[in-house]
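In: everything below, folded, please.
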Amino acid sequence: MTVLYWFQNDLRLYDNPVLSAAATVTDDLIPVFILDDTITRPLGGAQRWWLHHSLTALINKLKKQGITLLLRKGNTQQILIELVQKYNVTAIYCHRSYEPAMLQYQQALQRYFAAQEIIMHLFKGYLLTEPSIVKNKSGNYFKVFTPYWKFVSTLITPTQLLPTPNKLSQRSKIVSESLASWQLLPTHPDWSHGFAIWQAGEDAGQQVLQHFIEHGLQNYAEDRDRPDRLGTSRLSPYLHFGEISVRQVWQVIKQAEIAVPGLQKGAQAFLRQLIWREFSYYLLWHFPLFYQKNFRAEFDKFPWLNNQSHLRAWQQGLTGYPIVDAGMRELWATGYLHNRVRMIVASFLTKHLLIHWCEGEKWFWDTLVDADLANNSAGWQWVAGSGADAAPYFRIFNPTLQGEKFDPNGEYVRKWVPELANLPNKYIHDPSQAPRDILTAAGIELGHSYPLPIVNHKIARETALKSYQACRKTNK
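Out: Next up is the predicted model:
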């Protein structure tokens, strides 16, 4: 029998239950990846860069086993129907999506093929738990993270991680589209030079996980808030594209916590972050428009501003607030942004500039290699105050104090805002307070070589709080 394996966000061979299941029932496996920008939100530019390199790694990995990955671009349903007919396929195997629009599409396909006597198997496995069955004591879904974390963490039990299938067979002669023809990589201009810090693919994901356990896990609880240190795992793009399984990450971290003295604090802090990922998908599952609509309806009447010059200054890292500008420049250069700085720049956009969180979410979607519909939406809504269990709106980060606390020696700012490199630590996070002679000695002319702050923190904070109070009164 000929089986079609539909790769999606599971671009790996190790611990891939769906692939393993398909491999046991066929001697003619046809793996396919379909690029279709019509079902769900089209991938952003940084994700497309990552996808190109991830598929390259997968193609080479399958080739070593004598398997050709079939690449097709276009309408998914039409392509699957064509392949089923062309290769006389008897079954389709794939992971179940947890993005509502994609899941509905998968289920519609499943019904269609069932009518044609073709079995389409939808396997769970992208998450640690199933969003549909996790409920609170009242039988409703959780809207607050901490009780969700406490409950869900009790549900996760160790399971056997599956080895890479040692025998994949393919009898059909496959003719694939060229990956280069998809033009996923930027060319005019090529803005991806800084992405060289990354290596996409399953093998790279395994190396990143091992490196984190050996060098980052012990101090993770403290270092994860320090953008001047390599204190985070940087596993997020590998998890997003499924180059490494979340259950492997969970189990390996749990094993390290038990086996190595001194890792408990760091391990628990990291596992909590994995459950935040689960919670984001859980919220998207129960609130399908989470990525474009306020979870808290009161924010539908918030008086957001449409200041395009402020938006561009934020996007380009030219706000006059060094920690914000460093973050936005790191994002553009590398496709990545430290989690603490993600919160700082998001707070600045929504609460200092009063620009709708959707504008920030869209920018992140296009510029992050790990842009994830659930995580990106949940993060922005949490900071903006409009989401589930969100930070109170009156929690408005002072970007200067945030920089002083989490980048105390200014190393992060100096790296990404080099025009400030010669400022002493005392002024590195607030150049506008530096005396003229200090600025001159550092080669800085505010308003020219580096911008003056585009808003005053104190005034912006007061304006944001008044706007929120007005919003609350309007909703009463």
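
In: so residue 3 is in which element?
Out: Using DSSP states H and E, residue 3 falls within strand 2-7.

In: ok, then the element right after that strand?
Out: Note on strand 2-7: by DSSP H and E, the next helix or strand toward the C-terminus is helix 17-23.

In: let me know the average pLDDT across that next one.
Out: Mean pLDDT, helix 17-23: 96.

In: again with stretch 69-77
Out: For stretch 69-77, mean pLDDT rounds to 97.

In: list of residues touching that stretch?
Out: Residues outside stretch 69-77 that contact it (C-beta atoms under 8 Å, 6 or more residues apart in numbering) are 7, 30-36, 38-39, 55, 58-59, 62, 79, 83, 105, 109, 112, 174, 176-179, 181-182. Quick note: C-beta positions are derived from backbone N, CA and C, even for glycine.

In: buried residues in that stretch, which are they?
Out: Going by neighbour count (16 or more other C-beta atoms under 10 Å), the buried part of stretch 69-77 is 69-72, 76-77.

In: kindly report the same for stretch 229-243.
Out: Of all the residues in stretch 229-243, those buried under the rule 16+ other C-beta under 10 Å are 229, 231-243.

In: mind listing what's buried along the longest helix seen in the chain?
Out: Counting by DSSP state H, the longest helix found in the chain is helix 264-286. For helix 264-286, the neighbour count (16+ other C-beta under 10 Å) marks 266-267, 269-271, 274-286 as buried.

In: and it, what does it pack against?
Out: If contacts are counted by 3 or more C-beta pairs under 8 Å, 6 or more residues apart in numbering; DSSP states H and E, helix 264-286 sits against helix 145-152, helix 220-223, helix 246-259, helix 373-384.

In: now the angle from the helix or strand containing residue 84 to strand 2-7?
Out: For residue 84, the enclosing helix or strand under DSSP H and E is helix 76-87. For helix 76-87 against strand 2-7, the angle by axes from the mean of the first three to the mean of the last three C-alpha atoms, to 10 degrees is 150 degrees.

In: before we move on, back to that, want to throw the buried residues of stretch 69-77 into CSV with distance to residue 474?
Out: Listed next are the buried residues of stretch 69-77 as CSV, based on distance: C-beta to C-beta, whole Å:
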residue, distance to residue 474
69, 54
70, 54
71, 51
72, 50
76, 43
77, 44
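
In: which among these gets closest to residue 355?
Out: Closest approach to residue 355 among the buried residues of stretch 69-77 (C-beta to C-beta): residue 76, at 34.9 Å.

In: now the closest one: how far from residue 100?
Out: Distance from residue 76 to residue 100, counting by C-beta to C-beta, to the nearest Å: 16 Å.

In: so residue 218 is in contact with residue 266, correct?
Out: Yes. Counting by C-beta atoms under 8 Å, residue 266 is a contact partner of residue 218 at 5.3 Å.

In: give the buried residues for the strand or helix carrying residue 459.
Out: Using DSSP H and E, residue 459 maps to helix 457-475. Residues of helix 457-475 classed as buried by neighbour count (16+ other C-beta under 10 Å): 457, 460-461, 463-464, 467-468, 471.

In: report all helices and strands that that helix contacts.
Out: For helix 457-475, there is no helix or strand it packs on, judged by 3+ C-beta pairs under 8 Å, 6+ apart.

In: let's go with 10 Å and repeat that
Out: helix 399-406 (3 or more C-beta pairs under 10 Å, 6 or more residues apart in numbering; DSSP states H and E).

In: and the strands in the protein, which stretches?
Out: 2-7, 28-35, 70-73, 89-95, 119-123 (DSSP state E).

In: so which of those strands comes closest to residue 330?
Out: In terms of C-beta to C-beta, the element of the strands of the chain nearest to residue 330 is strand 28-35, at 28.3 Å.

In: what's the angle between that closest one and helix 76-87?
Out: 160 degrees.

In: send me stretch 101-113 as PDB with only the CA atoms.
Out: What follows is stretch 101-113, C-alpha atoms only, in PDB (Å, rounded to 0.1, in the frame of the first residue of the first chain):
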ATOM      1  CA  ALA A 101      -8.700  27.500  10.900                       C
ATOM      2  CA  MET A 102      -6.200  24.800   9.900                       C
ATOM      3  CA  LEU A 103      -7.900  22.200  12.100                       C
ATOM      4  CA  GLN A 104     -11.300  22.900  10.400                       C
ATOM      5  CA  TYR A 105      -9.600  22.500   7.100                       C
ATOM      6  CA  GLN A 106      -8.000  19.200   8.100                       C
ATOM      7  CA  GLN A 107     -11.300  17.900   9.300                       C
ATOM      8  CA  ALA A 108     -13.000  18.900   6.100                       C
ATOM      9  CA  LEU A 109     -10.300  17.000   4.200                       C
ATOM     10  CA  GLN A 110     -10.800  14.000   6.400                       C
ATOM     11  CA  ARG A 111     -14.500  13.900   5.600                       C
ATOM     12  CA  TYR A 112     -13.800  14.300   1.900                       C
ATOM     13  CA  PHE A 113     -11.300  11.500   1.700                       C
END
